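**Q** any chance you can model this:
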Amino acid sequence: MCFRLCVLDRSSISAPNLGGGAAVHVPEERRHIRFHLALAGACRLSVGASAAIELAQGELALVPNGAAQILATDPSAQPISLADLIAGGALRGGVLAGGERPLRAVLVCGFLAFDEAMPHPLMASLPALIHLRAADLGAEPWITAALRLIELEASLSGPGAHAILARLVEIILVQATRRLSATNGHGFLRALGDPRLSAALRAVHQDPAHPWRVGDLARAAGMSRTRFAARFAVEVGIPPMDYVTGWRLTKARRLLVDTGLGMAEIAERCGYASVPSFSRRFKERFGIGPGAFRRSPDDFTER
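**A** This next block holds a predicted model:
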């Protein structure tokens, strides 16, 4: 089997070519949303305790919660950990070689990393494994187009290809989430598909600085305050104002890392009347003040 590994800042893309008798164990990594796209051939994918699937040419598998998984062309083969393969010197010139010829499957695999310190109801709502079969994609032009672009970018490997690949995977994840919310979604997915609840969620996302109250969100949803609060808590999994706080702090963490804005402006953009109130809430949630987090963000996003 062969892997072309290209490690990025917040994502990684590889192109494994699996020969006969190959079985690779990918360890659990909770901060990763993993994906596997079959360009040719087929292989078996096992994720945790879930039933294994056959991943055939043109099909995509998403593993949203970073569970341990095994990619194999031979179900009876003893899995070898990816780390052991690399440590054993199999990685040469960017290619991790092994397995037996002829090739049984050609894949594009990788992951997107996310900030585990900011758990989101969406992640908890997604199934352990999302399998998008070729037959399913005929009615999904966005996903089909994105998959085709991934195949082209992976083969070209030109300047900026890694960044493009990461964005394409994000598009696929969003489209897959939309598909789930419109069909058999549950929890937060069902809330996204609910016109009233999604209107309230959209209002918070678009303007986190607004002094939101439950009544404001209920009006945005076109519901009574009591009914809205109860329905939101059931579908999203947390009360409305807890969601507002979480979204504000999510935005704050992003602004602290990605911009040079002062604390006063960040506090204002995230709905806090003063820097002390913002700092107090930030420290209550993460155990560290925003200033210390900005100086060493990697120390607090890898937990």
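
**Q** switch to C-alpha atoms for all contacts and neighbour counts from now on
**A** Noted.

**Q** Leu45: what's it in contact with?
**A** Contacts for Leu45 (C-alpha atoms under 8 Å, 6 or more residues apart in numbering) come out as Ala52, Ile53, Glu54, Leu55, Gln69, Ile70, Leu71, Ala72.

**Q** would you write a ChimeraX line that selects the buried entries of these?
**A** Of these, the buried ones can be selected in ChimeraX as follows, counting by 16 or more other C-alpha atoms under 10 Å:
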select :52,54,55,69,70,71,72
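
**Q** closest to Ile164 out of the contacts of Leu45?
**A** When the contacts of Leu45 are compared for distance to Ile164 (C-alpha to C-alpha), Leu55 wins out at 23.7 Å.

**Q** need the contacts of Leu45 in a markdown table with pLDDT, can you?
**A** Formatted as a markdown table, the contacts of Leu45 follow (pLDDT from 0 to 100):
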| residue | pLDDT |
| --- | --- |
| Ala52 | 87 |
| Ile53 | 89 |
| Glu54 | 90 |
| Leu55 | 89 |
| Gln69 | 87 |
| Ile70 | 88 |
| Leu71 | 85 |
| Ala72 | 86 |
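
**Q** nearest to Phe286, of the contacts of Leu45?
**A** Gln69 (30.3 Å).

**Q** circling back to that earlier point, and which of the contacts of Leu45 is nearest Val106?
**A** Distance to Val106 across these (C-alpha to C-alpha) is lowest for Leu55, with 10.8 Å.

**Q** make sure the closest one is indeed in a strand.
**A** Yes: Leu55 sits within a strand when classified using DSSP: H, G, I helix; E, B strand; the rest coil.

**Q** so which residues of the stretch 1-150 of the chain form strands?
**A** 3-7, 11-14, 17-20, 23-26, 32-47, 53-56, 60-63, 69-72, 80-81, 91-92, 95-96, 100-113, 130-132 (DSSP state E, counting those that start in this stretch).

**Q** closest to Ile80 among the contacts of Leu45?
**A** Set against Ile80, the nearest of those by C-alpha to C-alpha is Ile70 (9.1 Å).

**Q** which strand residues bridge the closest one?
**A** For Ile70, the beta-bridge partners are His25, Ser46 (DSSP bridges).

**Q** and the gap between it and Arg148?
**A** Distance from Ile70 to Arg148, counting by C-alpha to C-alpha, to the nearest Å: 25 Å.

**Q** returning to that earlier point: now distance to Phe35 too, for the contacts of Leu45, in CSV please.
**A** Formatted as CSV, the contacts of Leu45 follow (distance: C-alpha to C-alpha, whole Å):
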residue, distance to Phe35
Ala52, 15
Ile53, 14
Glu54, 14
Leu55, 12
Gln69, 11
Ile70, 13
Leu71, 12
Ala72, 15
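
**Q** for the closest residue to Leu107 other than its chain neighbours, grab the count of nearby residues.
**A** Of all residues not flanking Leu107 in the chain, Ala38 sits nearest, at 4.5 Å (C-alpha to C-alpha, 6 or more residues apart in numbering). By other C-alpha atoms under 10 Å, 24 other residues sit near Ala38.

**Q** just checking, what packs against the one helix or strand Thr226 maps to?
**A** Assigned by DSSP states H and E, Thr226 belongs to helix 225-236. Under the contact criterion of 3 or more C-alpha pairs under 8 Å, 6 or more residues apart in numbering; DSSP states H and E, helix 225-236 touches helix 188-193, helix 214-221, helix 240-258.

**Q** quick check: which of the ones you listed is buried the most?
**A** helix 188-193 (a mean of 24; mean count of other C-alpha atoms under 10 Å).

**Q** just checking, what packs against it?
**A** By 3+ C-alpha pairs under 8 Å, 6+ apart, helix 188-193 packs against helix 121-125, helix 161-182, helix 195-206, helix 225-236.

**Q** quick check: mean pLDDT across stretch 105-124?
**A** Stretch 105-124 comes out with an average pLDDT of 66.

**Q** distance of Ala49 from Ala68?
**A** In this view, Ala49 and Ala68 are 10 Å apart by C-alpha to C-alpha.

**Q** between these two, which has more neighbouring residues?
**A** A direct count of neighbours by other C-alpha under 10 Å for Ala49 and Ala68 places Ala68 higher, at 16 against 10.

**Q** could you tell me the phi and psi values at the nearest residue to the more buried one once chain neighbours are set aside?
**A** Of all residues not flanking Ala68 in the chain, Glu28 sits nearest, at 4.1 Å (C-alpha to C-alpha, 6+ apart). Taking degrees, to the nearest 10, you get phi -60, psi 140 for the backbone angles of Glu28.
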